[in-house]
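Enquirer: give the three-dimensional model of this entry:
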Amino acid sequence: MSKKLFILFASFFFALLLGEAIVRYYKLSPVMLDAHIVDSMYFDLNPNICYRMKPNSYNGLNKDGFRDDEFALTKPENTIRIIMLGDSITFGVPADKEHTFTQLLEKNLKEKKQLNYDVMNLGIPGYNIVSEVELLKVFGMKYKPNIVILNFFWNDSDLYPYTYYDFFWERDGTPAQKKWTHRYYLANCFKLKRYFLRSHLFSLLLSAIDKMNDKNDFEISKYKHRIIDNNSTLLEKKITELNKLAIRHNFKLLICLHPVFDYDTARAHSNYTKLKDIAQQLNIAFVDLLPFYIQESANPRVFIENQKDTFHPNTKGHELIARILAEKLKELRWIEN
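Expert: Down below sits the predicted model:
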């Protein structure tokens, strides 16, 4: 009996090795997001920031790892400096750098003659409100902004909205495909699974199971059914912290709400409602983009590139966002009319 059992286990082990060899030889497995192959991001020592993008590692990134032109530390006279905080929407997936709403807003404002405008894009794919506020504190404040715009998406108050790994089939996948989080990756409970992820055969099987579930439908289902309804304590804490920073360093604060395009028009997601309430209590200016999308088109999906995507605007969407933000800043009298 023990001999048969040994033969059974030996055969199973040999089959696994053979399967692993075949998958590796023919490169059948997706590239996994492990520390040794992520080529455009790195872990930051600050746990609240979690990760940053490697300088010049991706087309359009500057030496600080942001999708913008190089930043000048010294602010020229008669210059209004605006810092954009946000995630992949602010980063500009899938638009070209020149067509992101950050670049378009700067171009729009620079048409003014009396003042110069410098709009800095600090958006990083996958960021949440914790990372965004921390990034402003440790990196953005040295640039002495006059205005800070927090671009909020409905799951930004979820500490870690993504799994610590993700699947993509191209080594030159976009940063949006390379989203992962520091704490998930280092968590003790994931160490064993992370060890197995080094197996190409295991990765292939796991990705096959993953593809059976439509992630897009799952995310939309979570939105429509309000499954991610985060603790408002965190949201209030970070917005309060950001507001105190604005008062201490004398900059204007604007919150911009970016909607899901496959939305429920009957009521907004509770996270947007919570943020609006907090902003009103703290007397913080905000702009909700959803009514503007509806006003511009009966089908707001014309503002997205991929119909399976539910929130990343295309060039037309970025143009609309830039125009709305410019109008809001004029309405607030923070820039020239």
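Enquirer: tell me the strands in the stretch 151-300 of the chain, going along the chain?
Expert: Ranges of strands within the stretch 151-300 of the chain are 167-168, 252-258, 285-288, based on DSSP state E, counting those that start in this stretch.
Enquirer: list the pairing partners of the longest one within its sheet, with orientation.
Expert: Based on DSSP bridges, the pairing partners of strand 252-258 within the sheet are strand 147-153 (parallel), strand 285-288 (parallel).
Enquirer: so for stretch 55-69, mean pLDDT?
Expert: Stretch 55-69 carries an average pLDDT of 86.
Enquirer: and that stretch, how far from the chain's centre?
Expert: Centroid separation between stretch 55-69 and its chain, computed with Cα atoms, centre = their mean, to the nearest Å, is 16 Å.
Enquirer: end to end, how far does it reach?
Expert: 12 Å (Cα to Cα, to the nearest Å).
Enquirer: tell me the SS of Pro125?
Expert: coil (DSSP: H, G, I helix; E, B strand; the rest coil).
Enquirer: what's the distance between it and Ile89?
Expert: Noted for Pro125: a distance of 9 Å to Ile89, by Cβ to Cβ, to the nearest Å. Just so you know, the C-beta spots here come from the backbone N, C-alpha and C atoms, and that holds for glycine as well.
Enquirer: swap in Asn59?
Expert: Per Cβ to Cβ, Asn59 is found 18 Å from Ile89.
Enquirer: again with Arg52
Expert: Per Cβ to Cβ, Arg52 is found 18 Å from Ile89.
Enquirer: among those two, which residue is more densely surrounded?
Expert: Ile89 (24 against 18; other Cβ atoms under 10 Å).
Enquirer: now the more buried one, nearest residue through space, not along the chain?
Expert: In space, and not counting its chain neighbours, Ile89 is closest to His258: 5.2 Å by Cβ to Cβ, 6 or more residues apart in numbering.
Enquirer: which strand residues bridge the one you found?
Expert: Beta bridges link His258 to Phe153, judged by DSSP bridges.
Enquirer: let's see the pLDDT reported for it.
Expert: With respect to pLDDT, His258 has a value of 93.
Enquirer: just checking, it touches Phe311?
Expert: Yes: between His258 and Phe311 a contact is recorded at 6.7 Å, counting by Cβ atoms under 8 Å.
Enquirer: so these two - more neighbours on which side?
Expert: Between His258 and Phe311, counted using other Cβ under 10 Å, His258 has the larger neighbour count: 25 against 22.
Enquirer: start to end distance for stretch 243-258?
Expert: Note: stretch 243-258 ends 20 Å apart using Cα to Cα.
Enquirer: what about it, distance to the chain center?
Expert: Counting by Cα atoms, centre = their mean, stretch 243-258 is centred 20 Å from the centre of its parent chain.
Enquirer: outside of it, which residues touch it?
Expert: Contacting residues not belonging to stretch 243-258 are listed as 86, 89, 133, 136-137, 141, 144-153, 239, 242, 272, 275-276, 279, 282, 284-290, 311, 321, 325, 328-329, 332, 334 [Cβ atoms under 8 Å, 6 or more residues apart in numbering].
Enquirer: just the residues you listed: which are in helices?
Expert: Among the contacts of stretch 243-258, the residues falling in helices (DSSP state H) are 89, 133, 136-137, 239, 242, 272, 275-276, 279, 290, 321, 325, 328-329.
Enquirer: quick one, helices of the stretch 151-300 of the chain?
Expert: 182-186, 191-196, 200-212, 215-224, 232-249, 270-281, 290-296 (DSSP state H, counting those that start in this stretch).
Enquirer: weakest of the ones you listed in terms of mean pLDDT?
Expert: Lowest mean pLDDT within those: helix 182-186, a mean of 38.
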